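# Give the three-dimensional model of this entry:
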Amino acid sequence: MAGRVPLRGSRLLVPRAWNVRRLRSTDFMTSYFPTLRGWIAFLLAVFAALLFPLICPPLRVQSGVGTFLAEPVGLAALIAGPVFILVCSLASAEAFWRGTRADKIFALVAVLLTIGLLVEYLRLFGLSVYQSPNTLEPTATAR
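Numbers count the residues shown, from 1 in each chain. Okay, here's the model as predicted:
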């Protein structure tokens, strides 16, 4: 058994070329947790995905008619949407390019949340504002 050495504290023989320090049980789990880059990308995307619907106007859904905005979109939603999307995209790109494997997984989840945020933001432009029947102009037969 030339070239094999016993692992510290056990009878297990490992090749001499292995980095014995990496085989300690305390080091195994730390490589599976993301670093600060991954956590920041993930938490920013979760924060944005949860906060953006709160600053958007509520939706009014009518069966057989469609979905409408209950009120016009405010300036805060029009500004916050692109800012959230840009910041989340940059944080995800940073975690994906320079992070560990766990950071890349968290960045991928953050990208999916950011895509959902982008869809919600673009959906605001496709919906019309609801007009209640009381605010409509009376017809000729109703006069």
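# give the contact list for the residue nearest to F96 when sequence neighbours are not counted.
Leaving out its chain neighbours, the residue that sits closest to F96 by C-beta to C-beta, 6 or more residues apart in numbering is A107, at 4.1 Å. For glycine as for every other residue, the C-beta is placed from the backbone atoms N, C-alpha and C. By C-beta atoms under 8 Å, 6 or more residues apart in numbering, A107 lies in contact with R37, G38, A41, F42, S92, A93, A95, F96, G99.
# ok, now with 7 Å
For A107, the contact set (C-beta atoms under 7 Å, 6 or more residues apart in numbering) comprises G38, A41, S92, A95, F96, G99.
# how about JSON lines for the residues you listed, with secondary structure, neighbour count and distance to R11 added?
Formatted as JSON lines, these follow (DSSP: H, G, I helix; E, B strand; the rest coil; neighbours: other C-beta atoms under 10 Å; distance: C-beta to C-beta, whole Å):
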{"residue": "G38", "secondary structure": "helix", "neighbour count": "27", "distance to R11": "38"}
{"residue": "A41", "secondary structure": "helix", "neighbour count": "32", "distance to R11": "44"}
{"residue": "S92", "secondary structure": "helix", "neighbour count": "29", "distance to R11": "46"}
{"residue": "A95", "secondary structure": "helix", "neighbour count": "29", "distance to R11": "41"}
{"residue": "F96", "secondary structure": "helix", "neighbour count": "19", "distance to R11": "42"}
{"residue": "G99", "secondary structure": "coil", "neighbour count": "20", "distance to R11": "38"}
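# Which member of those residues is positioned nearest L13?
Distances from L13 to the contacts of A107, taken as C-beta to C-beta, are shortest for G99 (35.1 Å).
# Pop out the phi and psi values for the closest one.
With angles defined as degrees, to the nearest 10, G99 sits at phi -100, psi 180.
# Enumerate every residue touching it.
Shown in contact with G99 (C-beta under 7 Å, 6+ apart): T35, R37, G38, A107.
# Just the local confidence number for it, please.
Here the pLDDT value assigned to G99 is 89.
# which residues of the protein fall in strands?
4-6, 13-15, 59-62, 66-69 (DSSP state E).
# among those, which is the most enclosed?
Greatest average neighbour count among the strands of the chain goes to strand 66-69 (a mean of 14), per mean count of other C-beta atoms under 10 Å.
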